[in-house]
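Peer 1: what's the 3D shape of this:
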Amino acid sequence: MDRFVGPESRNGAGRRLRDAIGGDSVTPLIGVFDMFSASVAARHYDGLFVSGFGFAASHYGLPDIGFIAWPDMVGFVQRLRLAFPRHHLLVDIDDGYVDPEVACHVVEHLEAIGASGVVIEDQKRPRRCGHVDGKQILPLEEYLEKLRLVLRTRRDLVVVARTDATDEREIVRRAEALAATDADVILVDGVRSAEWIRKVRAVTGGKPLLFNQIAGGRSPRFSLSDLAALGVGVAIYSTPCLFAAQAAMEGALARLKQEDGRLPAVTDGTVGADGAVGVAGCLSLLERNLSRHHPRDHA
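Peer 2: Sure thing, here's the model as predicted:
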């Protein structure tokens, strides 16, 4: 019996992302942590990255060290796809939630609900953000077996194979091994220099590379033009929405306290002189997500 494939899978979410990554320019994907941040990001970019760092922070109020339960992530991606039917959705599934069978089950769920792609890493538990100390990695053959099972499970879904190796010789060894699989894209997370991007590029045989941008992380602050010159195909921005939200909320609440609880003036209900948003401005953003505003494909 054929497996269920959801509407966006039939319409080629994976194919569309794969085509974008294979184009002439770098494809940027913006990290989102909840439906509201996605609503803002979707106004500016065609691609969204479902960040494990952001989701752990938003959904659980915890650091990204392995607390995410896969049904929570699948439910979030389903809500995203309903609100943003044409955006690229690349999903961070960490280590596939430990077990290879679970990883394949999650991949099948995500493809059925319309995800464009997944990122699966070679860390072992307890896992860490790719830009902090203390990461531990699986034996290469153990990770490759999990990756191969995921690749056999997916139909059209883009699969990004990620290594968190930090030893230089091991980075090269793993990047070369990942490129030899049917993975679509290779990510060496926490790469520290342009020189190392070139070294990875040299052993990956033309496979597209993904670069993970995170403020305060291990990697340099490259522009999209910089990355294009280095041969990178896709850039994920894991945390700008999350970090901006933290800074903005801290500032807004500090001002509220300073003003003795008086809210800022928003004269037309949209945006105030200091950039404060009012009821009308917020509702205008959210109403874009209503189904009647979505493009319809009748092919």
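
Peer 1: so who does residue 144 touch?
Peer 2: Contacts for residue 144 (CB atoms under 8 Å, 6 or more residues apart in numbering) come out as 177, 178, 181. No exception for glycine: its C-beta is placed from N, CA and C like everyone else's.

Peer 1: can you map out the strands along the stretch 151-299 of the chain?
Peer 2: All strands of the stretch 151-299 of the chain, identified by DSSP state E, counting those that start in this stretch, fall at 158-163, 185-188, 209-213, 234-237.

Peer 1: not counting sequence-adjacent ones, nearest residue to residue 209?
Peer 2: residue 232 (4.9 Å; CB to CB, 6 or more residues apart in numbering).

Peer 1: tell me the confidence at that neighbour?
Peer 2: As predicted, residue 232 sits at a pLDDT of 96.

Peer 1: kindly list the longest helix within this structure.
Peer 2: Longest helix of the chain, by residue count under DSSP state H: helix 240-258.

Peer 1: which neighbouring elements make contact with that helix?
Peer 2: strand 27-32, helix 35-44, helix 52-55 (3 or more CB pairs under 8 Å, 6 or more residues apart in numbering; DSSP states H and E).

Peer 1: okay, these in a markdown table with mean pLDDT next?
Peer 2: Compiled in a markdown table, the helices and strands packed on helix 240-258 are given as follows (pLDDT from 0 to 100):
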| stretch | mean pLDDT |
| --- | --- |
| strand 27-32 | 98 |
| helix 35-44 | 96 |
| helix 52-55 | 95 |
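
Peer 1: so what's the residue count around residue 261?
Peer 2: Neighbouring residues of residue 261 were enumerated by other CB atoms under 10 Å; the total is 7.

Peer 1: now do it against residue 253, distance only.
Peer 2: Distance, residue 261 to residue 253, by CB to CB, to the nearest Å: 11 Å.

Peer 1: likewise for residue 82?
Peer 2: Between residue 82 and residue 253 the distance, using CB to CB, works out to 32 Å.

Peer 1: and the two? which has more neighbours close in?
Peer 2: Here residue 82 and residue 253 are compared on neighbour count by other CB under 10 Å; more neighbours surround residue 82, at 15 against 10.

Peer 1: so who does that one touch?
Peer 2: So residue 82 contacts residue 291 (CB under 8 Å, 6+ apart).

Peer 1: quick check: it vs residue 15, distance?
Peer 2: Using CB to CB, residue 82 is found at 20 Å from residue 15.

Peer 1: which one of the helices and strands packed on helix 240-258 lies nearest to residue 113?
Peer 2: Across these, residue 113 has its closest neighbour in helix 35-44 (14.9 Å, CB to CB).

Peer 1: can you list contacts of that closest one?
Peer 2: Helix 35-44 has contacts (CB under 8 Å, 6+ apart) with 30, 32, 48, 54, 58, 79-80, 83-84, 87, 241-242, 245, 285-286, 288-289.

Peer 1: pull out the buried residues from it.
Peer 2: Within helix 35-44, the residues that count as buried by 16 or more other CB atoms under 10 Å are 35, 36, 37, 38, 39, 41, 42.

Peer 1: follow-up on the earlier one: now the helices and strands packed on helix 240-258 in a markdown table, with distance to residue 62?
Peer 2: Formatted as a markdown table, the helices and strands packed on helix 240-258 follow (distance: least, CB to CB, whole Å):
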| stretch | distance to residue 62 |
| --- | --- |
| strand 27-32 | 17 |
| helix 35-44 | 17 |
| helix 52-55 | 10 |
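
Peer 1: okay then, goodbye and thanks.
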